[in-house]
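Asks: Sharing a model that was predicted from the sequence below.
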Amino acid sequence: MEIRHCTDRRFENICDSTKALLTHEDTGYVSTYYERSAMRLLTEHGRIFIKGRSGSGKSRLGIRLLATLSENKSRTPVLLTSAEEWKLIPKTTAHDRRRYIVMLDDVFGSSNFVPSSVDGWKRTFDIMWPSIESKHIFLVITSRPEISIQCENELKKYDLMQDMPCVTLDEGEYILQESEKRKMLQTICPTKSGLMPKEIQDIASARATLGFPQCCKFFASSKQAQSKGVSFLFQAA
């Protein structure tokens with residue numbers, strides 16, 4: 001959807017950057033049970049918290065949700081990097097009834113807990129809630145669990161965070177299934193890598209550890225990783 005009539009150029013730039021990112025990420029994606037679960041929870045509740053350690057695919061899952069809902073539900077996708085940017089989202093008016101799907105990636109810090117980031121969002125959560133409660137805006141939040149746990153108790157007082165549906169990748173029912181890992185290997189990793197069907201099966205059936213989606217993606221783009229063959233992929237399997 002064209003948004004050139006927006007009065008705030010900063011918001012236009014954010015939307016353009018988000019759209020470009022969705023286009024870039026549109027290849028080599030394998031549908032998973034955790035993706036379908038996240039989509040169902042998001043459409044039912046209008047918000048979802050995706051947790052996952054580095055390389056687990058939480059950011060790519062969030063981007064996938066943005067891409068799907070922007071295409072199927074005519075929602076404008078927006079990737080925000082700070083609490084201050086939330087205020088740039090246009091309010092609903094008689095002339096502008098667009099709806100949005102907003103993602104806050106690594107909301108409390110990407111590699112370490114960032115108190116100033118948490119403080120910024122705490123000042124904004126109450127402002128955000130009416131738009132999310134009405135489902136004018138769908139919200140996707142991502143974080144590494146070892147980071148989010150450092151502020152979970154203090155965030156429970158906000159309506160936005162109370163009873164928010166959560167999908168934690170690589171845990172419980174959201175562990176990658178053997179069939180999903182096998183399909184990732186077949187879809188993402190290049191045929192020129194020389195992986196044999198038996199090797200693909202062995203890697204997929206090995207006990208899953210963290211970072212498998214990212215490992216496959218790196219393997220597909222790195223000649224050095226491909227030169228190590230199966231031994232590299234077994235590190236993630």
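Replies: Looks like it came in fine.

Asks: Next one: residue 153 from residue 161, what distance?
Replies: According to Cβ to Cβ, to the nearest Å, residue 153 and residue 161 sit 10 Å apart. In short, each C-beta sits where N, CA and C put it, glycine included.

Asks: again, but for residue 22
Replies: In this view, residue 22 and residue 161 are 26 Å apart by Cβ to Cβ.

Asks: Where does the spatially most central residue of the chain fall, secondary structure wise?
Replies: Geometric centre of the chain, nearest residue: residue 62, 2.0 Å, by Cα atoms, centre = their mean. Taking DSSP states H and E as the criterion, residue 62 maps to helix 58-72.

Asks: So which other helices or strands are in contact with that helix?
Replies: Other elements packing on helix 58-72 under the criterion 3 or more Cβ pairs under 8 Å, 6 or more residues apart in numbering; DSSP states H and E are helix 9-24, helix 33-45, strand 47-51, strand 75-80, strand 99-104, strand 137-143.

Asks: JSON lines for the ones you listed, including mean pLDDT and distance to residue 172?
Replies: Shown next, in JSON lines, are the helices and strands packed on helix 58-72 (pLDDT from 0 to 100; distance: least, Cβ to Cβ, whole Å):
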{"stretch": "helix 9-24", "mean pLDDT": "90", "distance to residue 172": "29"}
{"stretch": "helix 33-45", "mean pLDDT": "96", "distance to residue 172": "10"}
{"stretch": "strand 47-51", "mean pLDDT": "97", "distance to residue 172": "12"}
{"stretch": "strand 75-80", "mean pLDDT": "96", "distance to residue 172": "28"}
{"stretch": "strand 99-104", "mean pLDDT": "96", "distance to residue 172": "23"}
{"stretch": "strand 137-143", "mean pLDDT": "97", "distance to residue 172": "17"}
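
Asks: Can I get these in CSV including mean neighbour count and distance to residue 110?
Replies: As requested, the helices and strands packed on helix 58-72 are exported to CSV (neighbours: other Cβ atoms under 10 Å; distance: least, Cβ to Cβ, whole Å):
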stretch, mean neighbour count, distance to residue 110
helix 9-24, 15, 16
helix 33-45, 17, 20
strand 47-51, 24, 14
strand 75-80, 22, 14
strand 99-104, 22, 12
strand 137-143, 24, 9
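
Asks: Which one, of these, ends up nearest to residue 68?
Replies: Comparing the helices and strands packed on helix 58-72 against residue 68 with Cβ to Cβ, the closest turns out to be helix 33-45 (6.7 Å).

Asks: list the helices and strands that closest one packs on?
Replies: strand 47-51, helix 58-72, strand 137-143, strand 166-168.

Asks: would a markdown table of the ones you listed with distance to residue 231 be doable?
Replies: Converted to a markdown table, these look like this (distance: least, Cβ to Cβ, whole Å):
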| stretch | distance to residue 231 |
| --- | --- |
| strand 47-51 | 30 |
| helix 58-72 | 25 |
| strand 137-143 | 31 |
| strand 166-168 | 29 |
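
Asks: closest to residue 186 out of the ones you listed?
Replies: Closest to residue 186 of those, according to Cβ to Cβ: helix 58-72, at 17.7 Å.

Asks: what's the angle from that closest one to strand 47-51?
Replies: Orientation of helix 58-72 against strand 47-51 (axes from the mean of the first three to the mean of the last three Cα atoms, to 10 degrees) gives an angle of 150 degrees.

Asks: quick one: buried residues of helix 58-72?
Replies: Neighbour-count burial for helix 58-72 flags 58-70 (criterion: 16 or more other Cβ atoms under 10 Å).

Asks: Equivalent analysis for stretch 211-230, please.
Replies: Buried residues in stretch 211-230, counted by 16+ other Cβ under 10 Å: 211-220, 225-226, 230.
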